[in-house]
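S.K.: Based on what follows, work out the 3D shape:
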Amino acid sequence: MAQQQEELAGDKQELTGEIDCSFAGELMPTVNVTDPDGAELNLGALQGQPVLMNLWATWCAPCVIEMPMLDELAELKAGELRVLTVSQDMRGAEAVVPFFEDRDFTHLEPWLDPANDLGVSFGGSGAMPLTVLYSAEGQELFRVAGGYHWNSEEAIAAIDDALASAD
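M.R.: The predicted structure is shown next:
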């Protein structure tokens with residue numbers, strides 16, 4: 001399994017997401033997510049700092065591929081952008097905690113949404129990964145449905161440009 005994932009990681013064709021601005025201006029959903037210890041976070045209350053929210057699952061190949069890239073982006077943008085990864089795994093912490101431990105992510109927080117409330121708030125299509133950039137005021141700037149190279153120069157420039165235009 002690990003070998004298959006490594007082979008997928010090298011396959012650039014696997015990440016086909018594109019930036020979509022058609023939902024710009026929509027407010028971040030007021031959904032509660034939890035961490036593995038049960039602490040709650042109300043996403044609608046996250047204002048004051050831009051947020052890049054990623055809906056993912058451990059069984060989603062493009063999600064698995066882009067997680068290390070999101071970790072790198074979170075490190076690069078520390079203090080400027082909060083990168084939130086919200087697992088849609090129905091097994092919650094049972095699936096997510098070992099996934100994070102095995103990969104030693106140092107800049108991502110493992111948030112959980114096993115009831116898929118967040119996915120439903122985005123239309124319930126179930127397509128993952130889904131990553132949405134929000135301004136510090138909680139308004140959507142753009143989204144990417146599908147995998148994306150989040151640590152690429154193109155992604156960083158798109159994030160910087162969107163945040164600059166939101167100011």
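
S.K.: Next one: Asp167 from Glu80, what distance?
M.R.: Asp167 is 12 Å from Glu80, where distance means C-beta to C-beta, to the nearest Å. The way it works is simple: take the backbone N, C-alpha and C, and place the C-beta from them, glycine included.

S.K.: what do you get for Ser87?
M.R.: Here Ser87 is placed at a distance of 24 Å from Glu80 (C-beta to C-beta).

S.K.: got the contact list for Leu70?
M.R.: Leu52, Asn54, Val83, Thr85, Leu108, Trp150, Asn151 (C-beta atoms under 8 Å, 6 or more residues apart in numbering).

S.K.: Assign the third one to helix, strand or coil.
M.R.: With DSSP: H, G, I helix; E, B strand; the rest coil as the basis, Val83 sits in strand.

S.K.: Count the neighbours of it for me.
M.R.: When neighbours are counted by other C-beta atoms under 10 Å, Val83 registers 23.

S.K.: mind listing what it touches?
M.R.: Listed by C-beta under 8 Å, 6+ apart, the contact partners of Val83 are Val51, Leu52, Asn54, Leu70, Leu73, Ala74, Lys77, His107, Leu108.

S.K.: Any idea which residue is closest to the centre of this structure?
M.R.: Centrality entry for the chain: nearest residue to the mean C-alpha point is Asn54, 1.4 Å, by C-alpha atoms, centre = their mean.

S.K.: what's near enough to touch that residue?
M.R.: Asn54 neighbours (C-beta under 8 Å, 6+ apart): Cys63, Glu66, Leu70, Val83, Leu84, Thr85, Val86, Pro129, Leu130, Thr131.

S.K.: With respect to Asp117, which of those residues is nearest?
M.R.: The shortest distance between Asp117 and any of the contacts of Asn54, using C-beta to C-beta, involves Val86 and amounts to 9.8 Å.

S.K.: The closest one: what secondary structure?
M.R.: The assignment at Val86 comes out as strand when based on three-state DSSP.

S.K.: Which pLDDT does the model give it?
M.R.: As predicted, Val86 sits at a pLDDT of 96.

S.K.: number of nearby residues for it?
M.R.: Applying other C-beta under 10 Å, I find that Val86 has 24 neighbouring residues.

S.K.: max-length helix in this protein?
M.R.: Looking only at the chain and at elements set by DSSP state H, the helix with the highest residue count is helix 61-76.

S.K.: List the buried residues in that one.
M.R.: 61-74 (16 or more other C-beta atoms under 10 Å).
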